[in-house]
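1. what follows is a predicted protein model with its sequence.
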Amino acid sequence: MPSRTDPLTLEVVELIGAVVARYHEEYEEAAASHQLTGAQARVLALLAFDPLPMRRIAQKLKCEPSNITGIVDRLEGRGLVERHPDPADRRVKLAVATEAGMQTAGQLRDALDFAREPLAGLSTAERTVLRDLLQRMLGAA
């Protein structure tokens, strides 16, 4: 097993950090173009896949539920999100992306193209290996 401080491991960690930093920079720019903060854009992106209770959004984004309440309030004020009672537990409110929210989330996703071009230069087999390795890394975390 390689050391956590061997040169190759350190180089890979630096490269992952560079990719993450570039992703966040582009995400912030895309969010700003829609007059959203990065946090608002991330919440909207999550809700574009599934309605979620505030607590679950907070868990996914690793922040306090009270922060999510404020973010959802602002998204709701913009008509991008609505709150609905959870059919499984009426005491719980689900945040749900509206049609406008779904469109905005799609536009945000489409604006993130820094990785698309380099990834398109990889073969299907290479992208599959990269995906599998990233999933393995995340599964081990």
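-> Good, I have the coordinates.
2. mind listing what Tyr27 touches?
-> For Tyr27, the set of contacting residues under the criterion of CB atoms under 8 Å, 6 or more residues apart in numbering consists of Gly38, Ala41, Arg42, Leu108, Leu112. C-beta coordinates here come from the backbone N, C-alpha and C atoms, glycine included.
3. from those, pick the one nearest Thr124.
-> For the contacts of Tyr27, the closest approach to Thr124 (CB to CB) belongs to Leu112, at 20.8 Å.
4. neighbours of that closest one, how many?
-> One way to gauge burial is a neighbour count; for Leu112, by other CB atoms under 10 Å, it gives 14.
5. from what I see, it and Glu29 are in contact.
-> No: with contact defined as CB atoms under 8 Å, Leu112 and Glu29 do not form a contacting pair (9.4 Å).
6. can you pull out the helices in the protein?
-> Listed in chain order, the helices of the chain (DSSP state H) span residues 7-33, 38-47, 54-61, 65-77, 99-111, 116-120, 124-140.
7. now the second one: average pLDDT?
-> Averaged across helix 38-47, the pLDDT comes to 95.
8. run the chain-centre distance for that helix.
-> Here helix 38-47 is found 7 Å from its chain centre; the criterion is CA atoms, centre = their mean, to the nearest Å.
9. quick one, it and helix 99-111 angle?
-> What separates the directions of helix 38-47 and helix 99-111 is an angle of 110 degrees, with axes from the mean of the first three to the mean of the last three CA atoms, to 10 degrees.
10. what angle sits between helix 38-47 and helix 7-33?
-> Interaxial angle, helix 38-47 versus helix 7-33 (the same axes, to 10 degrees): 90 degrees.
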